[in-house]
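K.L.:
Build me a model from this:
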Amino acid sequence: MPALRVLLLEDDAALRLFVEMALEPLPVQLVPCATLAQARQALADAAVQLVMTDLALPDGSGLELLQWLAEQARSTGVPCRTVVFSGGIDPAMEQQLQALQVWRVLHKPASVGSLMACVSDALAADAPPAQVAPPADPVRTFFDGNRSMYEAYRAASLAQFPKDLGDGDLAVQTGDVQALRHVAHNLKSALAMLGQEQAARLARTTEEHAARSAAAAAQASWELLGQQVRALLAQGGTGR
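P.N.:
Prediction:
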């Protein structure tokens with residue numbers, strides 16, 4: 001197998017050492033970084049074929065690096081495979097990572113075997129695409145088949161969403177994570193009952209990040225959530 005240059009962005013020195021030891025048998029050149037700033041500098045110095053990043057970092061969120069890499073891939077046509085190496089990845093976050101073209105997720109604590117398998121797959125071939133389950137019917141699930149009740153609830157929710165978006169944007173601008181948590185909490189239930197499963201998961205992720213005062217991650221989640229809610233409003237609430 002050809003040599004692979006791998007950038008590892010992880011602020012825990014012990015985990016960086018663990019990954020280095022786990023990948024030692026493979027033909028890779030590991031570039032360890034502890035901060036976003038170090039990772040950006042390493043990427044500016046030389047190209048890499050694989051990026052493995054944590055999300056919670058001392059100078060921001062790994063989502064920032066993933067967003068930048070996705071933009072670079074779109075502009076240059078040269079993709080860089082990305083792996084999220086983190087704990088606490090829920091389905092909503094996985095949806096965000098999928099939107100950012102993340103190749104694979106490794107849940108902490110990752111084993112030596114899972115690390116080696118991931119990098120070996122990167123050396124060999126692309127991973128198969130994930131299968132997406134069809135969405136559930138919200139009228140049957142939440143309104144016992146009563147469409148008129150669903151339509152009334154949908155109309156009230158669509159009327160409320162512009163205010164929610166304004167309140168959430170203001171919370172982000174002022175750095176008020178608790179206000180953002182409250183907005184995301186309210187949106188979470190409403191979106192779920194409208195059958196907007198992905199948006200509801202984004203709302204839950206935003207709420208959880210805000211609850212941990214992870215401002216950068218909460219803001220990134222909110223930006224994706226806001227895009228989906230605005231798209232829903234533009235479609236008159238019919239998008240699934």
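K.L.:
Next secondary structure element downstream of the helix or strand containing residue 52?
P.N.:
With secondary structure defined by DSSP states H and E, residue 52 is part of strand 50-53. Moving toward the C-terminus from strand 50-53, the next helix or strand (DSSP H and E) is strand 56-57.
K.L.:
Can you list the strands that that following strand pairs with?
P.N.:
For strand 56-57, the paired strands and their directions (DSSP bridges) are strand 60-61 (antiparallel).
K.L.:
I'd like the average pLDDT over the partner strand.
P.N.:
Per-residue pLDDT values across strand 60-61 average out to 88.
K.L.:
how about the strand holding residue 52: buried residues?
P.N.:
Of the residues in strand 50-53, those buried by neighbour count under the rule 16 or more other Cβ atoms under 10 Å are 50-53. All C-beta atoms are positioned from the backbone trio N, CA, C, and that covers glycine.
K.L.:
May I have the residues that are in contact with the residue nearest to residue 183 when sequence neighbours are not counted?
P.N.:
Spatially, and ignoring its direct neighbours in sequence, residue 183 is nearest to residue 168 (4.3 Å; Cβ to Cβ, 6 or more residues apart in numbering). With contact taken as Cβ atoms under 8 Å, 6 or more residues apart in numbering, residue 168 is in contact with 180, 183-184, 187, 222, 225-226.
K.L.:
Which residues does stretch 73-93 contact?
P.N.:
Here stretch 73-93 makes contact (Cβ under 8 Å, 6+ apart) with 8, 10, 19, 47-56, 62, 66, 69, 72, 97, 100-110, 118, 122, 198, 200-205, 208, 221.
K.L.:
same thing with stretch 141-160?
P.N.:
Under the contact criterion Cβ under 8 Å, 6+ apart, stretch 141-160 has outside partners 138-139, 190, 192-195, 232-233, 236-237.
K.L.:
Show me which of those residues are buried.
P.N.:
Under a neighbour-count criterion of 16+ other Cβ under 10 Å, the subset of the contacts of stretch 141-160 counted as buried comprises 138-139, 190, 192-195, 232, 237.
K.L.:
got JSON lines for the residues you listed, with secondary structure and distance to residue 153 too?
P.N.:
As requested, the buried ones among the contacts of stretch 141-160 are arranged in JSON lines below (DSSP: H, G, I helix; E, B strand; the rest coil; distance: Cβ to Cβ, whole Å):
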{"residue": "138", "secondary structure": "helix", "distance to residue 153": "9"}
{"residue": "139", "secondary structure": "helix", "distance to residue 153": "10"}
{"residue": "190", "secondary structure": "helix", "distance to residue 153": "8"}
{"residue": "192", "secondary structure": "helix", "distance to residue 153": "12"}
{"residue": "193", "secondary structure": "helix", "distance to residue 153": "7"}
{"residue": "194", "secondary structure": "coil", "distance to residue 153": "8"}
{"residue": "195", "secondary structure": "coil", "distance to residue 153": "11"}
{"residue": "232", "secondary structure": "helix", "distance to residue 153": "14"}
{"residue": "237", "secondary structure": "coil", "distance to residue 153": "10"}
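K.L.:
And those, which two are furthest apart?
P.N.:
The span of those, defined through Cβ to Cβ, is set by 139 and 232 at 16.4 Å.
K.L.:
host element of residue 113?
P.N.:
Here residue 113 sits within helix 112-124, counting by DSSP H and E.
K.L.:
Send me that helix as PDB with only the CA atoms.
P.N.:
Once non-C-alpha atoms are left out, helix 112-124 reads as follows in PDB (Å, rounded to 0.1, in the frame of the first residue of the first chain):
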ATOM      1  CA  VAL A 112      -6.400  -0.300  18.200                       C
ATOM      2  CA  GLY A 113      -8.300  -2.500  15.800                       C
ATOM      3  CA  SER A 114     -10.800   0.200  14.800                       C
ATOM      4  CA  LEU A 115      -8.100   2.700  14.200                       C
ATOM      5  CA  MET A 116      -6.100   0.400  12.100                       C
ATOM      6  CA  ALA A 117      -9.200  -0.700  10.100                       C
ATOM      7  CA  CYS A 118     -10.100   2.900   9.500                       C
ATOM      8  CA  VAL A 119      -6.700   3.900   8.100                       C
ATOM      9  CA  SER A 120      -6.300   0.600   6.200                       C
ATOM     10  CA  ASP A 121      -9.700   1.300   4.500                       C
ATOM     11  CA  ALA A 122      -8.400   4.800   3.600                       C
ATOM     12  CA  LEU A 123      -5.400   3.300   2.100                       C
ATOM     13  CA  ALA A 124      -7.300   0.700   0.100                       C
END
